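Asker: Kindly generate the corresponding structure for this input.
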Amino acid sequence: MTVNRRSILAASFGLGAAATATYAAEAGASEATHSTLDRFDTIPGLVANAAHDQTAVLQAAIDQASASDVPLHLPPGVFRVTDLRLRAATRLIGAGGATTLQFAAGDAFITGENAHGAKLRGLAIDGAFQTFNAARGEALINIANSRDIEIDGVTVRNSVQGGIALTATSGQVRNCRIVDALDFGLKSLDATGLDISGNAIAACGNNGILVWRTEKGEDGSTVTNNRISKIRNSAGGTGQYGNGINVFRAGSVIVAQNRITDCTYTAIRGNAANNIQILSNSCERLGEVAIYSEFGFEGALIANNLIDFAATGISVTNFNEGGRLAVIQGNLIRNLFRREHELEDKRGEGIGVEADAVVSGNTIEGAASVGIQIGWGPFMRDVAVTGNVVRRSKIGITVTEAREAGSCLIANNMISKTADGAIRRMTLGVPSGGDLAHETSGTERITVTGNVGV
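Answerer: As a prediction, this is how the structure comes out:
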């Protein structure tokens, strides 16, 4: 049977009474104008749970529905497809997750180019661990150069590479579940205004959420209220992989109120990311630094995060490559361990900071090496460490004693139960000299005042 405009319009409102009712309230004013059309129960030629490839039937339905600017509702069941292409105004809506599109192998699964206003809702996207051509896209869903896309309530699973990849795209990815992607869960490159919110991402091979830019510049994406867990680093390396959220070259990104656990490396890693805000995230059981702002960045606000069990809590570093300007405030950090199996980079620090920064009002407990480490060799300038509580750590605060380093203020901190001193000088992580907390004056470049060491 041929697919015609009448059948598409009718299918949009009549498929499976329960599924249609579920989405009727979401249809919006533009869709309501079609509500008086006759209704049908099926898209002609589309057969649920059939073994054969149904790409041709579904693609024709998508094309006609998009051209008519109406949503296309799919019934429950499994539909095997390949190289499905989204058009501008495509609205592909499943039956509350009971509709599964399964990859039938080929160069690509779902792609969209200039697919402005495209929406995917209530679908399960199953890659079946089938290989695809990376030249056509890195993920099961690939959308590029598109405005105002929406991916909502979609489950993406079983990918040999990524789950969702967006390039030069604006819109929303929300309330999705991405699981068992052998590379990344969700990747945005060169976003033009993207909100990533309320998603659950788990059991990915290398990274959870990536917000990247081809060149360093303002991005403005928001990454909020996501749950990310069990991120491996299958590709190896020293931090490129194994991260819950990685922001690379993308400026003015907000990462807030996410729950991130059990990542091989980092919960949140900002790399060359200017004006990043990392706020009120819950981060537990990390294999390396929990929160990182590193390499060639200017501006990092890291506040009100909770970190429990990591090799380092927060690291704001690489002044040698231009990393500078930060506020680290109001974080609760505990249970920092050393990675004794590593030849170098053993860590065990609560907070590490280098240049043009305030470290204030943080509470750190149980740092295997040091609660707060200020500078590294000559790389330290204009740091104020004030009003923090450090307890049950090997050393409370250390400050680089390199003569070439800049100035710092260490004031009004409460430091207790530290085995090797409250405040001490150090050279490349090795402490030396007496306890500055009990000296009456500092030095020309190090001012120590009003601290309590007990």
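Asker: shouldn't residue 340 be in contact with residue 368?
Answerer: No. The criterion here is C-beta atoms under 8 Å, and residue 340 misses it with residue 368 at 9.5 Å. The way it works is simple: take the backbone N, C-alpha and C, and place the C-beta from them, glycine included.
Asker: okay, the two: which has more neighbours?
Answerer: residue 368 (19 against 8; other C-beta atoms under 10 Å).
Asker: Strands of the stretch 351-454 of the chain, start to end?
Answerer: Assigned by DSSP state E, counting those that start in this stretch, the strands in the stretch 351-454 of the chain fall at 355-360, 363-367, 370-374, 381-386, 389-391, 395-400, 408-411, 414-416, 423-427, 430-432, 446-449, 452-453.
Asker: Next, format these as a markdown table and append distance to residue 312 and mean neighbour count.
Answerer: Output for the strands of the stretch 351-454 of the chain, formatted as a markdown table (distance: least, C-beta to C-beta, whole Å; neighbours: other C-beta atoms under 10 Å):
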| stretch | distance to residue 312 | mean neighbour count |
| --- | --- | --- |
| strand 355-360 | 14 | 22 |
| strand 363-367 | 9 | 22 |
| strand 370-374 | 9 | 29 |
| strand 381-386 | 16 | 20 |
| strand 389-391 | 14 | 22 |
| strand 395-400 | 13 | 28 |
| strand 408-411 | 19 | 22 |
| strand 414-416 | 19 | 19 |
| strand 423-427 | 15 | 21 |
| strand 430-432 | 17 | 12 |
| strand 446-449 | 23 | 18 |
| strand 452-453 | 22 | 16 |
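Asker: how about these in CSV, adding distance to residue 224 and mean pLDDT?
Answerer: As requested, the strands of the stretch 351-454 of the chain are exported to CSV (distance: least, C-beta to C-beta, whole Å; pLDDT from 0 to 100):
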stretch, distance to residue 224, mean pLDDT
strand 355-360, 24, 98
strand 363-367, 24, 98
strand 370-374, 28, 98
strand 381-386, 29, 98
strand 389-391, 28, 98
strand 395-400, 33, 98
strand 408-411, 34, 97
strand 414-416, 33, 98
strand 423-427, 37, 96
strand 430-432, 40, 93
strand 446-449, 39, 94
strand 452-453, 38, 95
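Asker: And those: which comes nearest residue 286?
Answerer: For the strands of the stretch 351-454 of the chain, the distance to residue 286 is smallest for strand 363-367, at 14.3 Å, taking C-beta to C-beta.
Asker: Neighbouring strands - and their directions - for that closest one?
Answerer: With DSSP bridges as the test, strand 363-367 is paired with strand 332-336 (parallel), strand 389-391 (parallel).
Asker: so how far is the longest one off the chain centroid?
Answerer: So that's strand 332-336. 21 Å (C-alpha atoms, centre = their mean, to the nearest Å).
Asker: next one: stretch 426-442
Answerer: That offset, for stretch 426-442, works out to 38 Å (C-alpha atoms, centre = their mean).
Asker: list the contacts for residue 391?
Answerer: 364-365, 371, 414-418 (C-beta atoms under 8 Å, 6 or more residues apart in numbering).
Asker: got those as CSV, with distance to residue 436 columns?
Answerer: CSV is the format used below for the contacts of residue 391 (distance: C-beta to C-beta, whole Å):
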residue, distance to residue 436
364, 18
365, 21
371, 14
414, 15
415, 11
416, 16
417, 18
418, 12
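Asker: where are the low-confidence patches of the protein?
Answerer: The chain contains residues with pLDDT under 70 at 1-42, 440-442.
Asker: the helices in it, which residues?
Answerer: For the chain, helices defined by DSSP state H occupy the ranges 5-14, 17-24, 29-32, 55-67.
Asker: Counting by contacts, list what the last one packs against.
Answerer: Right, helix 55-67. The contact analysis (3 or more C-beta pairs under 8 Å, 6 or more residues apart in numbering; DSSP states H and E) places helix 55-67 against helix 5-14, strand 72-73, strand 77-81, strand 84-86, strand 91-93.
Asker: Okay, angle between it and strand 77-81 too, please.
Answerer: Inter-element angle recorded for helix 55-67 and strand 77-81: 100 degrees (by axes from the mean of the first three to the mean of the last three C-alpha atoms, to 10 degrees).
Asker: Could you list the buried residues of helix 55-67?
Answerer: 55, 57-66 (16 or more other C-beta atoms under 10 Å).
Asker: Closest one of the residues you listed to residue 344?
Answerer: Using C-beta to C-beta, those come closest to residue 344 at residue 55, 52.2 Å.
Asker: quick one: that closest one from residue 83, how far?
Answerer: Separation of residue 55 from residue 83 (C-beta to C-beta, to the nearest Å): 7 Å.
Asker: now swap in residue 328 and tell me
Answerer: Distance of residue 328 to residue 83, given as C-beta to C-beta: 48 Å.
Asker: next one: residue 313
Answerer: Distance, residue 313 to residue 83, using C-beta to C-beta: 46 Å.
Asker: Mind checking which of the two has more residues around it?
Answerer: residue 313 (33 against 18).
Asker: Contacts only, for the closest residue to that one other than its chain neighbours.
Answerer: Spatial nearest neighbour of residue 313, chain neighbours left out: residue 333 (3.6 Å); criterion: C-beta to C-beta, 6 or more residues apart in numbering. Neighbouring residues of residue 333 by C-beta under 8 Å, 6+ apart: 290, 307, 313-314, 350-351, 362-365, 367.
Asker: again, only using 7 Å
Answerer: Contacts here follow C-beta atoms under 7 Å, 6 or more residues apart in numbering; on that basis residue 333 touches 307, 313-314, 350-351, 362, 364.
Asker: export those to a markdown table and tack on distance to residue 180?
Answerer: Below are the contacts of residue 333 laid out as a markdown table (distance: C-beta to C-beta, whole Å):
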| residue | distance to residue 180 |
| --- | --- |
| 307 | 27 |
| 313 | 30 |
| 314 | 30 |
| 350 | 34 |
| 351 | 35 |
| 362 | 37 |
| 364 | 36 |
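Asker: Between those residues, which sits nearest residue 402?
Answerer: For the contacts of residue 333, the closest approach to residue 402 (C-beta to C-beta) belongs to residue 351, at 19.2 Å.
Asker: Confirm for me that residue 357 is in contact with residue 319.
Answerer: No. Here residue 357 lies out of contact with residue 319, judged by C-beta atoms under 7 Å, at a distance of 9.6 Å.
Asker: Spatially, what comes nearest to residue 207 if we skip its sequence neighbours?
Answerer: Excluding its sequence neighbours, the residue lying closest to residue 207 (C-beta to C-beta, 6+ apart) is residue 184, at 4.4 Å.
Asker: any idea how far the one you found lies from residue 208?
Answerer: 7 Å.
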